[in-house]
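[1] Quick one: sequence plus predicted model below, questions after.
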Amino acid sequence: MNQLTWEPITLQLRNPFRISHGTSETRVAHWLRLSGPSSADEGWGEGTIPPYYGIPTEVMAAFWDATARRADPLPEDPADIPAWVGADGPAPARAALDLALHDRLGRLHDKPLHALLGLPAPRPLPTSFTLAIDEPEAMGRSAAALTGCSVIKLKLGGADGRDVARVAAVRAARPDATLYVDANAGWTADEAIGEIARMVALGVALVEQPVAKGDYEGMGRVQAACAVPVVADESVQTMADVERLAAAGVGGINLKLMKVGGLAPGLAMLRRARELGLGIMLGCMVETSLGATAMAHLMGLADWLDLDAPWLIANDPFDGLTYDAAGRVHVPDRPGIGVILRG
């Protein structure tokens, strides 16, 4: 087969990233490359996952090692990619391979990814921009300085009982902004119901992952008591999760390529979620423009975007999606994923 190589990239975050799981100043991404007989790159992918998912780099590398030893030809049709990648191996490792294979076919056929997959053109949508957990006053100052965006997502789930104060400080600083909150599974269902009621009074428009990822009943109970959409994130990693969450009555799901295994499984889950009446958020890990741009090609099927990761990174090596003055995402008009190295 074509040569497959990868390399780690240490991402430097513009500001410490605090969520209910802990604080990070760096993250490690993995850049996967497929090259042809001439040794020129034919397709790129990315495999990036936060430490709290518990997936060691060594396990991802073992999957890529095994793939590099395969002698069977690469798929020549997007429909053949899921079977070629298979269901074994960690989700972010499979996602990297899935992206590289899709990127290769897009380049070969001179088609952007959405056209290769027969998807609607990715109309520009505003993405949320994330504020990490901090003192309320500090979050208010950060929100005031966050120009060029119309949607702000606040990381919450602190144990100090000041989450409502955090929302109030941001609302005072940015009365014009649409506000989302994300507890990253940091509340119980009872805590969430009480907290969200006070936050909705401050104009919060969407709540992400209020309770533990396995608490599907709790997610549904929060949604039943909540006047705004409750969107599952950590709770949705497989098709079975989509079914459980729909049965529980949540408002939507946050799809991330790295946790579901790539574009092919992500699209299958998206379409099933639509059949079940769920709203769709397109999200990302703290990853480069390579992975985030691949996801942005699905914007024509989305309700909400959370694709701000390239904005959080100080040393993104790739040039891909862009943000306009209103914080809307635009996809490059180039073949495949459409990402190139920065000059």
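    Cool, got the structure.

[2] for the stretch 151-300 of the chain, which spans come out with low pLDDT?
    Nowhere does the stretch 151-300 of the chain drop to pLDDT under 70.

[3] What are the boundaries of the helices in it?
    163-173, 189-200, 216-224, 239-248, 257-260, 263-275, 289-296 (DSSP state H, counting those that start in this stretch).

[4] Pipe these into a markdown table and attach distance to residue 133 and mean neighbour count per row.
    C-beta: built from backbone N, CA, C; applies to glycine. Output for the helices of the stretch 151-300 of the chain, formatted as a markdown table (distance: least, Cβ to Cβ, whole Å; neighbours: other Cβ atoms under 10 Å):
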| stretch | distance to residue 133 | mean neighbour count |
| --- | --- | --- |
| helix 163-173 | 8 | 21 |
| helix 189-200 | 14 | 18 |
| helix 216-224 | 20 | 21 |
| helix 239-248 | 25 | 18 |
| helix 257-260 | 21 | 28 |
| helix 263-275 | 28 | 19 |
| helix 289-296 | 22 | 30 |
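
[5] okay if I get these as a markdown table plus distance to residue 44?
    As requested, the helices of the stretch 151-300 of the chain are exported to a markdown table (distance: least, Cβ to Cβ, whole Å):
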| stretch | distance to residue 44 |
| --- | --- |
| helix 163-173 | 36 |
| helix 189-200 | 39 |
| helix 216-224 | 35 |
| helix 239-248 | 27 |
| helix 257-260 | 13 |
| helix 263-275 | 13 |
| helix 289-296 | 6 |
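
[6] Minimum distance to residue 314: which of these has it?
    Among the helices of the stretch 151-300 of the chain, the nearest to residue 314 by Cβ to Cβ is helix 289-296 (12.9 Å).

[7] helices or strands next to that closest one in the packing?
    Judged by 3 or more Cβ pairs under 8 Å, 6 or more residues apart in numbering; DSSP states H and E, helix 289-296 is in contact with strand 41-48, helix 91-108, helix 257-260, strand 279-283, helix 309-312, strand 318-319.

[8] quick check: angle from the fourth one to helix 289-296?
    For the pair strand 279-283 and helix 289-296, the angle between their directions (axes from the mean of the first three to the mean of the last three Cα atoms, to 10 degrees) equals 160 degrees.

[9] Show me what strand 279-283 is packed against.
    Packed against strand 279-283 by the contact rule (3+ Cβ pairs under 8 Å, 6+ apart) you find strand 252-255, helix 263-275, helix 289-296, strand 304-306.

[10] what's the pLDDT at residue 1?
    Per-residue pLDDT puts residue 1 at 51.

[11] so who does residue 117 touch?
    Contacts for residue 117 (Cβ atoms under 8 Å, 6 or more residues apart in numbering) come out as 78, 102, 263, 267, 297.
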